[in-house]
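Trainee: sequence and predicted model, in that order:
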Amino acid sequence: MSEHNKIPGKLLARLTRYGRVYLLDTVKSTNSYAFSLAGKHETAIVIAQNQTHGRGRFRRHWFTDSGSLTFSVLTFPETEEAVPLAQMTQVVGLAVCRAIEDILGLEPLIRWPNDIIVGGKKVAGILCEQHKDAVVLGIGMNVNQSEFPESLPDAGSLFLASGKTWEKLELADRILERISGFQEQMQAGETTELLTAIKDRSAILHRRVEIRTLFRRHIGTVVDIDAEGRIVLRTTSGRLAIINSGQARRLR
Ligand code: BTN
């Protein structure tokens, strides 16, 4: 029997508040599946038990097993302008942090741009993508794993951090609740509060870091995260660099 058949009806009903829910066993990637639904032009939540080609940023593979929560939210932002994906990534990161705080009482950090860190280990990653008017918010969370392959020394799970197993869809529901609340705040122009909350949880603000982008490597101190989710870095040469996307690593 599929694990999804055991989901309490009440929880399913709660999930449907955010859009049509697709509960799937195995897909290549929930982000790809979500994009395949874009022609219907309706908000959808795609949750899979397993992904064979889960993807992370920079086309990296995203590890998925039975302890993972992997889901994607298909949205159609009503805006004439390009959706700032860097900003969306920060807001979804904040939603993931808040859900972990609400349910587990732990204090996660956001390692810009898209890693959620608990106890120094990465417990979740976010991949926001856009094709035409469809924006997909992809979230991969390590929930109930007791171990990881040796090739993933940075990976941790909520089980390893708390000693308890967690209902994955409860977490998904809380993340969706938070995302939808933050979207309302953004539409109402209340972005200052969100940005402050994002900065409060930053693992790299005011720290010395190395940031690798596709073409460059920057070293310096993070002096700010701007409203569009970009890093403001004071480089070792004293110059200010605004970085939209990359991979950050804290230096001592
Ligand atoms: C990263 O850390 O690089 C981002 C990882 C994002 C993984 C999630 S799992 C659900 C969704 N589907 C995917 O193929 N990727 C995202």
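Mentor: Perfect, thanks for sending it.
Trainee: CA only for contacts and neighbour counts going forward, please
Mentor: OK.
Trainee: what's the single longest strand in this protein?
Mentor: strand 121-131 (DSSP state E).
Trainee: quick one: mean pLDDT for it?
Mentor: Mean pLDDT, strand 121-131: 97.
Trainee: ok, stretch 188-195 next?
Mentor: pLDDT averaged over stretch 188-195 gives 92.
Trainee: coming back round to it: which elements pack onto the longest strand of the chain?
Mentor: Applying 3 or more CA pairs under 8 Å, 6 or more residues apart in numbering; DSSP states H and E, one finds that strand 121-131 contacts helix 85-104, strand 115-118, strand 134-142.
Trainee: does any bit of it sit next to the ligand?
Mentor: Yes: counting by CA under 6 Å from any ligand atom, the ligand has neighbours in strand 121-131: 125, 126, 127.
Trainee: restricting to C-alpha, output that strand in CSV.
Mentor: The C-alpha trace of strand 121-131 is given here as CSV (Å, rounded to 0.1, in the frame of the first residue of the first chain):
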residue,chain,number,x,y,z
LYS,A,121,24.1,20.5,9.2
LYS,A,122,22.0,21.1,6.1
VAL,A,123,18.4,19.8,6.8
ALA,A,124,16.7,21.4,3.9
GLY,A,125,17.2,23.0,0.5
ILE,A,126,15.1,25.2,-1.7
LEU,A,127,14.9,25.4,-5.4
CYS,A,128,12.7,28.2,-6.9
GLU,A,129,12.4,28.1,-10.7
GLN,A,130,10.4,30.0,-13.3
HIS,A,131,9.1,29.1,-16.8
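Trainee: what's the angle from that strand to helix 85-104?
Mentor: 140 degrees (axes from the mean of the first three to the mean of the last three CA atoms, to 10 degrees).
Trainee: nearest to the ligand, of the helices and strands packed on strand 121-131?
Mentor: In terms of CA to the nearest ligand atom, the element of the helices and strands packed on strand 121-131 nearest to the ligand is strand 134-142, at 3.6 Å.
Trainee: from the contact counts, what lies against the closest one?
Mentor: Using 3+ CA pairs under 8 Å, 6+ apart: strand 134-142 touches helix 30-36, strand 68-75, strand 121-131.
Trainee: quick one: mean pLDDT over stretch 137-157.
Mentor: 98.
Trainee: equivalent analysis for stretch 42-58, please.
Mentor: Here stretch 42-58 scores 96 as its mean pLDDT.
Trainee: mind listing residues that contact it?
Mentor: With contacts defined as CA atoms under 8 Å, 6 or more residues apart in numbering, stretch 42-58 is touched by 3, 18-31, 33-34, 61-66, 68-76, 125-127.
Trainee: perfect, I'm done here.
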